[in-house]
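Trainee: no FASTA, just this:
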């Protein structure tokens, strides 16, 4: 048996102190991913610091019209919240597209952000994995990698980030609030919270040792902006995205040009992929199907598909073009057929 | 005396045919039902096996020092010190007997500890070193290792040929020449393979609670392996959480659990982690199919060849008999049905629900749909046109065959007549498809005993195994009718090797095999009671039966169940996602003994066919030699959200040539043909023929983006 300590924190400072006292510990939220990884031997924390009972389960409207989502708010509660459903429907849809009802009832907002890749080689101690064991190699690159990254991967790691929620948060320009001990907090843009693997695939995020996710902050939605989340998967529930897309679109009602667009992809990279090149091309443009397609293609031109996963490029293109067409009212008609 | 197969009159009484609820339903939904790993015996220890991490080679050393130093560890068994086993027909059970590693995941050590967690930690602390050899896990059509075996699974000849199939194909005015592939698939029963074994050295008796499909077989194999007499072993399987073939014969878990209890002298539980199952409990081997159909312009088949290529392991030859259903389905004189297999460095394949029929009928019924397209003929009518009056391969008459009735009834219920052309709803393409189903009638000998008690109640003993099918309930129904008593006067004892020997719950044989013995024992008891004068003695009255003679009689008839599936699907042109909207099956499987549990069996099979069509696939990594999808997050069985409006109906057959109940097995036919119906519907919806299962978004999208196709099909004038 691998013994580990268990500490139930009643305050943020207590959690941070427990972390400092137990090197190599992990914060425990819903445990839907962490406990599985402990059973597999992928995670071997010396201590679990249970933060699920910290007073962070509140969803609160902010004076500027934004929303503050506590880190321990359960995925089901966040998806069902009236303000989320009315102001950030893509977030609700992204959450409901993830996992299963049972998992969403347990999984927390902070834990969702910090869940780890579902790469089969990461989960299997008998295969090499630079994320699990830096320097051991990447089993997926030579193995089967149909589900793996096409954008932003490195020779060290081709894993994808599995979260649906994080893709929506990236498109919403949300921020992640982190508690760093001694009363200090900082904020990180959700789109920058997860990293690309580079030569340090073991670090999924920019979080520093001991920092605790305390909240996700959603800016007030732009009046008139519309949004959408769509996900392609192998079965209708309880499957990770082959690819997904989150779009927030603000059109000038006068000339029909794009005032602002946020486009993020899931399932393509080591982090939610904000499509900056596509956004830049579309901003100020009339989003007719040709322009949208060109912009999306410009983004996907940066992709480096592997032997088994080139299908993700047309899939991502279809998803993005169709989502924007739906938001601009250019439906019906899809890129697949005339 | 048992009635003979030629003179049976189907029973006609009250309990059989009634939708009786499952007897153990309350126990199961309240969690009171105890499964193999839930036997809380005093001083119970736990075992955890160590899988090989290379795909081919030899063990050169096993270092157990780190594992043995952990607290609570009782021992680690390795090939160097594990007890020698006696003979077994199945070499996959010769565990820890030698140093060779025939595939990745093969067990190379066994850790035993006080606790489950301790055993797991000890297993992960065992250090095994190997001398590796190059491995090959990739099946391909031209593999140099391919050979034609003598026999395929089920004891069928691997190769059958009639007439001149090649010449007839060349001369046929309308031809289809197509190839399909089905990937490796996993059974993944809800309950993992598990056993609790308890060796009582003083009494010299071994008790094993095993998650299996038949305890008599497990007892026999354990006796041979451990050098015990059958009467020294009791195997119990009161409740089993599914098997789908993967528990049909003993699997490594039960052998290792017995090894462990004999080693440490304490009861030992071994429950396989889900991630080990892909490599150790059998899988459906991948199959490559080459089909050629030749027909006259009116649709009459003139040539059929079905050539199957598959893999087996280097440990044991198992050949998925996927070309065998083509010997049963359609009236065509010129035919070749044949199998080739290559032994690769892969885990040993085995039975998975409808071995042979499930992949074989996917290919045959897809090809029939392609032929209907080439002919411009309704696919229902094409099948009706080629219905067989006698079994095509052997020439025997069918005991009953209502394929055409299933097609007609299904078409009526589904609204097939005037099938709507493929249509579009926004980004969705909608279409419908049909496919036929078949499954053979097998039967095996069984014993049974029936007791009448003075209080008016009855006990029926039969070594049936209820793996979730409702067998317990149906046995009681058979008994009640044969005894002519109310159902609740009958109690049942099953799942125990101490009972008269009974065959496995497999091959859709259970109800017929056990039920015949129950029927005979109860009929004999009824006769005895009729002759009895006065009150019953305190011990009651008993009668027993053994169907060895009657069940083994060779029938002059070809006996098969038939069916038809109808599917409506939608294909999303944006994502390539296919979802089934409606799935409807009609089956002709003799007398349906319990409509409630039968429906559950049939729709369960159909859902499994849906998974085969759309979501289930397992990949062998050429580099590591491992199955990659090894948990239920990665191996995609259908979820509730994937299962549409689903209906199973049947045509009640009155077939006197089966067994006293007049029943055919229904455990497997539900999966047969379902994938073809869905694939055919996808073809109608999209205009694209995909010939590689499953129909995942990447494949469907690629086909949609590639535009209309015709490659791979030779259509005549």
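Mentor: Thanks, I have it. Keep in mind that what you see is a predicted model, and the values were worked out from it rather than measured.

Trainee: for residue B:192, see how far away the residue of the stretch 251-400 of chain B found nearest chain A is.
Mentor: In the stretch 251-400 of chain B, the residue that lies nearest chain A is residue B:275 (7.8 Å; Cβ to the nearest Cβ). Quick note: C-beta positions are derived from backbone N, CA and C, even for glycine. To residue B:192, residue B:275 is 10 Å away according to Cβ to Cβ, to the nearest Å.

Trainee: try residue B:555
Mentor: On the measure of Cβ to Cβ, residue B:555 and residue B:192 end up 38 Å apart.

Trainee: show me which of these two is the more surrounded one.
Mentor: residue B:192 (21 against 15; other Cβ atoms under 10 Å in any protein chain shown).

Trainee: which parts of stretch A:114-130 are buried?
Mentor: A:114-124, A:127-130 (16 or more other Cβ atoms under 10 Å in any protein chain shown).

Trainee: give the burial count for the closest residue to chain A within the stretch 401-550 of chain B, as a bare number.
Mentor: Residue of the stretch 401-550 of chain B nearest chain A, by Cβ to the nearest Cβ: residue B:427 (4.4 Å). Each residue near residue B:427 was counted by other Cβ under 10 Å, and the total is 22.

Trainee: is it in contact with residue A:322, as I believe?
Mentor: Yes: counting by Cβ atoms under 8 Å, residue B:427 touches residue A:322, with 6.8 Å between them.

Trainee: what about the helices in the stretch 1-150 of chain B?
Mentor: Applying DSSP state H, counting those that start in this stretch to the stretch 1-150 of chain B gives helices spanning B:25-29, B:65-68, B:116-125.

Trainee: need the three-state assignment for the residue located most distally from the centre of chain B.
Mentor: Centroid-distance maximum for chain B: residue B:534 at 49.0 Å, with Cα atoms, centre = their mean. Assigned with DSSP: H, G, I helix; E, B strand; the rest coil, residue B:534 falls in the coil class.

Trainee: just to revisit the earlier point, now for the helices of the stretch 1-150 of chain B, which one comes closest to residue B:175?
Mentor: When those are compared by Cβ to Cβ, helix B:25-29 sits nearest residue B:175, at 52.2 Å.

Trainee: so which residues on the stretch 451-600 of chain B come close to chain A?
Mentor: Residues of the stretch 451-600 of chain B lying close to chain A (Cβ under 8 Å from any Cβ of the partner chain) are B:573-577, B:579.

Trainee: now, these that are in strands?
Mentor: Those of these mapping onto strands are residue B:579, per DSSP state E.

Trainee: could I get the residues of the stretch 451-600 of chain B next to chain A as JSON lines with pLDDT?
Mentor: Shown next, in JSON lines, are these (pLDDT from 0 to 100):
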{"residue": "B:573", "pLDDT": "97"}
{"residue": "B:574", "pLDDT": "97"}
{"residue": "B:575", "pLDDT": "98"}
{"residue": "B:576", "pLDDT": "98"}
{"residue": "B:577", "pLDDT": "98"}
{"residue": "B:579", "pLDDT": "98"}
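
Trainee: distance of the residue lying closest to residue A:68 once chain neighbours are set aside from residue A:215?
Mentor: In space, not counting the residues next to it along the chain, residue A:68 is nearest to residue A:60; the distance is 4.7 Å by Cβ to Cβ, 6 or more residues apart in numbering or on different chains. Separation of residue A:60 from residue A:215 (Cβ to Cβ): 9 Å.

Trainee: tell me which element residue B:308 falls in.
Mentor: Residue B:308 is part of strand B:301-313, with elements assigned from DSSP states H and E.

Trainee: quick one, whichever helix or strand comes after that strand and strand B:301-313 angle?
Mentor: Under the assignment DSSP H and E, the closest C-terminal helix or strand after strand B:301-313 is strand B:334-344. Put simply, strand B:334-344 runs at 10 degrees to strand B:301-313, going by axes from the mean of the first three to the mean of the last three Cα atoms, to 10 degrees.

Trainee: for residue B:598, what are its contacts?
Mentor: B:592, B:648, B:650, B:666 (Cβ atoms under 8 Å, 6 or more residues apart in numbering or on different chains).

Trainee: of all the residues you listed, which comes closest to residue B:700?
Mentor: Each of the contacts of residue B:598 was checked against residue B:700 using Cβ to Cβ; the closest is residue B:648, at 26.8 Å.

Trainee: hmm, what's the outermost residue in chain A?
Mentor: Farthest-out residue of chain A from its mean C-alpha position, per Cα atoms, centre = their mean: residue A:254, at 34.0 Å.

Trainee: check the secondary structure at that residue for me.
Mentor: Residue A:254, by the three-state scheme (three-state DSSP), is coil.

Trainee: that one and chain B, how far apart?
Mentor: Look at residue A:254 and chain B: by Cβ to the nearest Cβ, to the nearest Å, they are 29 Å apart.

Trainee: so the spatially closest residue to residue B:622 that is not a sequence neighbour versus chain A, what's the distance?
Mentor: Using Cβ to Cβ, 6+ apart and skipping the chain neighbours, the partner closest in space to residue B:622 is residue B:138 (5.3 Å). To chain A, residue B:138 is 11 Å away according to Cβ to the nearest Cβ.

Trainee: contact partners for residue B:138?
Mentor: B:344, B:620, B:622.

Trainee: burial count for the nearest residue to the second one once chain neighbours are set aside?
Mentor: Spatial nearest neighbour of residue B:620, excluding adjacent residues (Cβ to Cβ, 6+ apart): residue B:137 at 4.5 Å. Other residues near residue B:137 number 24, with proximity taken as other Cβ under 10 Å.

Trainee: returning to that earlier point: what's the most buried one of the helices of the stretch 1-150 of chain B?
Mentor: Among those, helix B:116-125 has the highest mean neighbour count (mean count of other Cβ atoms under 10 Å in any protein chain shown), at a mean of 22.

Trainee: that helix and chain A, are they touching?
Mentor: Yes: shown here: helix B:116-125 in contact with chain A (Cβ under 8 Å from any Cβ) through B:117-118, B:120-121, B:124.

Trainee: quick one: contacts of that helix?
Mentor: With contact meaning Cβ under 8 Å, 6+ apart, helix B:116-125 is reached by A:1-2, A:39, A:41, A:125, B:45-50, B:66-68, B:70-73, B:76, B:109-113, B:269.

Trainee: break down the stretch 1-150 of chain A into its helices, ranges please.
Mentor: Ranges of helices within the stretch 1-150 of chain A are A:12-21, A:34-40, A:75-80, A:82-87, A:89-96, A:101-106, A:109-114, A:120-123, A:139-142, based on DSSP H, counting those that start in this stretch.

Trainee: residues from the stretch 151-300 of chain A in reach of chain B?
Mentor: A:230, A:232-240, A:242.

Trainee: can you list the domains in the chain?
Mentor: Since no chain was named, I'll use chain A. A:1-53, A:226-328 (automatic domain parsing).

Trainee: wait, chain B
Mentor: For chain B, automatic domain parsing gives the domain ranges B:5-33+B:442-551, B:397-440+B:559-618+B:640-710.

Trainee: and the residue most central in space within chain A, how far is that from residue A:90?
Mentor: Residue closest to the average C-alpha location in chain A (Cα atoms, centre = their mean): residue A:166, at 2.4 Å. From residue A:166 across to residue A:90, the span is 12 Å (Cβ to Cβ).

Trainee: quick one: terminal-to-terminal distance for stretch A:77-95?
Mentor: 10 Å (Cα to Cα, to the nearest Å).

Trainee: so how far is that stretch off the chain centroid?
Mentor: 15 Å (Cα atoms, centre = their mean, to the nearest Å).

Trainee: okay, and the nearest residue to residue B:444 once chain neighbours are set aside sits in which element?
Mentor: Of all residues beyond its chain neighbours, the one nearest residue B:444 is residue B:503 (3.7 Å), with distances taken as Cβ to Cβ, 6+ apart. Following DSSP H and E, there is no helix or strand that holds residue B:503.
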